[in-house]
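Enquirer: Sequence plus the predicted model coming up.
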Amino acid sequence: MKKLLVIAIALFTLNGIAQERKQDRKGKQNRSELRKQMTPSEIADLRAKKMTLHLDLTDAQQKKVHQVYLNQAKANEGLRKNHNAKDGEKREKPSKDEMVKMQNLRLDQQIEMKREMKSILTAEQYAKFEKMKPRKHKKRGKRGEKNDKKRGGRR
């Protein structure tokens, strides 16, 4: 009888944990939907304010950074509208040439962004800006390393 009670408690606990994870995923989906509904101006405001908090920007720097982010958000919105499928149409995967073109455009935007930030920020602020890169790629790499070690060092 005690074993049955312990098993029942364990199952209820695991069931509760699994349901919480599903709710977290819904939260991420809702966030991405909210981001899609944001205007370029709102995106630029948020990014400029985050940058101000991290780098202690002056008011003049903040206005310039806001303008850079606003231009970038408007360009991205235009690209997104062109890329999204019209109502009722099925979205097709881009061809190899289109993919190369999109990647070149994205890299050109990043290069231009770096140049503009370098002209706006001080040397110390720019060094901090360079370290603020997204961490997603680092985490993904670390996860892969752990799995490789478990599998016997795949390379």
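Expert: Arrived safely, thanks for sending. Just so it is clear, the model here is predicted, and its values are computed rather than measured.
Enquirer: what residues are up against Lys49?
Expert: Going by C-beta atoms under 8 Å, 6 or more residues apart in numbering, Lys49 touches Gln62. (Each C-beta comes from the backbone N, C-alpha and C, glycine too.)
Enquirer: Look up which helix or strand it falls in, please.
Expert: In this assignment (DSSP states H and E), Lys49 forms part of helix 40-55.
Enquirer: Output the below-cut-off pLDDT ranges for this structure.
Expert: 16-32, 83-91, 134-155 (pLDDT under 70).
Enquirer: Which residue ranges of it form helices?
Expert: Along the chain, counting by DSSP state H, helices occupy 2-37, 40-55, 59-83, 96-120, 123-131, 136-150.
Enquirer: mind exporting the second one as PDB, just the C-alpha atoms?
Expert: The C-alpha coordinates for helix 40-55 follow below in PDB (Å, rounded to 0.1, in the frame of the first residue of the first chain):
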ATOM      1  CA  PRO A  40       9.400  49.900 -36.000                       C
ATOM      2  CA  SER A  41       9.300  52.900 -33.700                       C
ATOM      3  CA  GLU A  42       8.500  50.800 -30.700                       C
ATOM      4  CA  ILE A  43      11.300  48.300 -31.500                       C
ATOM      5  CA  ALA A  44      13.800  51.200 -31.900                       C
ATOM      6  CA  ASP A  45      12.700  52.700 -28.600                       C
ATOM      7  CA  LEU A  46      13.200  49.500 -26.700                       C
ATOM      8  CA  ARG A  47      16.500  48.700 -28.200                       C
ATOM      9  CA  ALA A  48      17.800  52.200 -27.700                       C
ATOM     10  CA  LYS A  49      16.800  52.200 -24.000                       C
ATOM     11  CA  LYS A  50      18.400  48.800 -23.400                       C
ATOM     12  CA  MET A  51      21.600  50.100 -25.100                       C
ATOM     13  CA  THR A  52      21.400  53.200 -22.900                       C
ATOM     14  CA  LEU A  53      21.200  51.100 -19.700                       C
ATOM     15  CA  HIS A  54      24.100  48.800 -20.700                       C
ATOM     16  CA  LEU A  55      26.400  51.500 -22.100                       C
END
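Enquirer: the inter-axis angle of it versus helix 59-83?
Expert: Orientation of helix 40-55 against helix 59-83 (axes from the mean of the first three to the mean of the last three C-alpha atoms, to 10 degrees) gives an angle of 140 degrees.
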